[in-house]
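1. Following is a predicted model, sequence given first.
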Amino acid sequence: MAAHHTYEEQKALVFYGLKLLGAITIVEVLVALLAKGHLIHGVNFTHGFGHYIYMALMVGFSIYKAYFIIFNFMHMALEARGLVLTVLLPTTLLIWAIIAFFQEGSSWGARREQIKEKNEAPAKPASSGQPQGYYMIPGSPTGCLG
Amino acid sequence: MAETSVTHAHDTNEQEGEDAHLWEGGQSPFRASYGKVMMWYFLVSDAFTFAGFLIAYGALRFSMPTWPEPDFVFTSFPFVHAHWPLVFVTFMTFVLIFSSVTMVRAVQEGHRENQRGVVFWMLMTILGGATFLGSQAYEWTTLIVAENVTVTQNPFGRHVADGVYLNDDGTEAKKEDGAPKEFYKGQSYLMHMHDGHVSGVAYKDPESKGEKMSQHEGVKIKYTTGAYAGQTSEVSFGPAAFGALFFFITGFHGFHVFSGVLFLTIIMVNAASGLYAARRNGYEMIEKIGLYWHFVDLVWVFVFLVFYLL
């Protein structure tokens, strides 16, 4: 393992990783404090375009940290291609999970008033003469399909 | 990897074709031991579990009209009576980064078959994990004991419109300089609980200098803008899902750290006893627990992002 590097080079890589991850974390926190208005009075990025830039930056930094840990600390860079693909490819399924569930959450949030109204509306009693659970067709002799 | 190479002994069943060795314990196509490959796949499944939790957090957060601000919620620091947003959790992040680095050192010393080095760097890693767990215990204690957050109750709320705080008799509350105690849409507050009842709120007045919190005794408010303009109301709890998600997800991560510390301790004792030196495989066990330990750090990167930065 790690036959390409001498022991001294490996040690140097570890301390480079420590400095890099530490620096990214400090930058992340400073940018977060700036964006939330704690560093400069009156300056913040809590709304609109600036907020999107801020969020993209934070996600980007995190993904880079994850990449660095996986490829350098967990030595994914030295594993066989098949192993790398079977580990990394399934995680791309999460992209759709994020899109779908965040869309679902936003939609739920946008319809809170509607859901409240529907919940408070009195339930209509089912009329007893008609079969339940059938698709009603107006004008058909039985009034229902099937 | 100095993996035990299995000799390709197919002479006995030539007739089964050249693929036969695949079923008889031949060389792994991934050039890695069974244990390492399975550790990777366990981590993939664990990544999906954590991703499911964090996506649930995002979906619930997007479904709520308001959500607590992390830089208002996470401001305490041990032994310091001040409000330092995100400082303590940055310290916790550094503890995990340090323990990841010491873990890499342990793996490297293992490749050199240096038993003393392995044991020393694993001990450093264990101390890092224990420090993280202690920090998390402090964070949880602050939230539960001092701020009354539970899995079903969240006193961290945000105002849905501009307005002004009222005294118990319905008159407008005044600050010390005589100006009305106003609040604005989106402003965070922490409800004071007293014997299960809300007695008042703490909030950060944007006009006051420094990180000191302003206080208001009483729960009545009057909105001046929005759909409820002119109406009198009471300060309300924030979304309860915040407490449930926070304790469940950071708790699940903390449980990973806790189990990691246990396994690291067992493996350190084994290494010290010379068990892995006798195996002559470059301390592969250190590598496998190292994969798990880096994964715990990796998950924290995203817990940190979702709970504290965004």
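-> It's in. The shown structure was predicted, so the numbers you read here are calculated from the model rather than taken from an experiment.

2. Tell me the residues of the stretch 51-200 of chain B that contact chain A?
-> Residues of the stretch 51-200 of chain B lying close to chain A by C-beta under 8 Å from any C-beta of the partner chain are B:51-52, B:55-56, B:58-65, B:69, B:71, B:85-86, B:90, B:93-94, B:97-98, B:100-101, B:103-105, B:108, B:111-112, B:186. C-beta here means a position set from N, CA and C on the backbone, and glycine is covered the same way.

3. shouldn't B:V306 be in contact with B:L54?
-> Yes. Counting by C-beta atoms under 8 Å, B:V306 sits close enough to B:L54 to count as a contact (5.2 Å).

4. now A:E28, nearest residue through space, not along the chain?
-> A:F61 (5.2 Å; C-beta to C-beta, 6 or more residues apart in numbering or on different chains).

5. again with B:S199
-> Using C-beta to C-beta, 6+ apart, the closest residue to B:S199 is B:H192 (4.9 Å).

6. Quick check: phi and psi at that neighbour.
-> B:H192 has phi and psi values of phi -80, psi 130 when expressed as degrees, to the nearest 10.

7. Next, work out how far apart it and B:V303 are.
-> Separation of B:H192 from B:V303 (C-beta to C-beta, to the nearest Å) stands at 28 Å.

8. before we move on, which element is the residue nearest to A:E28 in?
-> If you go by DSSP states H and E, A:F61 is part of helix A:48-68.

9. Off-centre distance for the helix or strand following that helix?
-> Of the helices and strands lying after helix A:48-68 in sequence (DSSP H and E), the nearest is helix A:81-88. Using C-alpha atoms, centre = their mean, to the nearest Å, the mean C-alpha position of helix A:81-88 is found 22 Å from that of the whole chain.

10. rewinding a little: could you tell me which of the residues of the stretch 51-200 of chain B next to chain A count as buried?
-> Buried subset of those (neighbour count, 16 or more other C-beta atoms under 10 Å in any protein chain shown): B:51, B:55-56, B:58-64, B:69, B:71, B:85-86, B:90, B:93-94, B:97-98, B:100-101, B:103-105, B:108, B:111.

11. Check which helix or strand the closest residue to chain B within chain A maps to.
-> For chain A, the residue positioned closest to chain B under C-beta to the nearest C-beta is A:G105, at a distance of 3.4 Å. Element membership for A:G105 (DSSP H and E) is helix A:93-110.

12. Tell me the buried residues in that helix?
-> Neighbour counts over helix A:93-110 (16+ other C-beta under 10 Å) mark A:F101, A:F102, A:G105 as buried.

13. Tell me the pLDDT of the residue of chain A closest to chain B.
-> A:G105 is assigned 95 on the pLDDT scale.

14. residues in contact with it?
-> Neighbouring residues of A:G105 by C-beta atoms under 8 Å, 6 or more residues apart in numbering or on different chains: B:G58, B:A59, B:L60, B:R61, B:F62, B:S63.

15. Can you flag which of those belong to helices?
-> Of the contacts of A:G105, the ones assigned to helices by DSSP state H are B:G58, B:A59, B:L60, B:R61, B:F62, B:S63.
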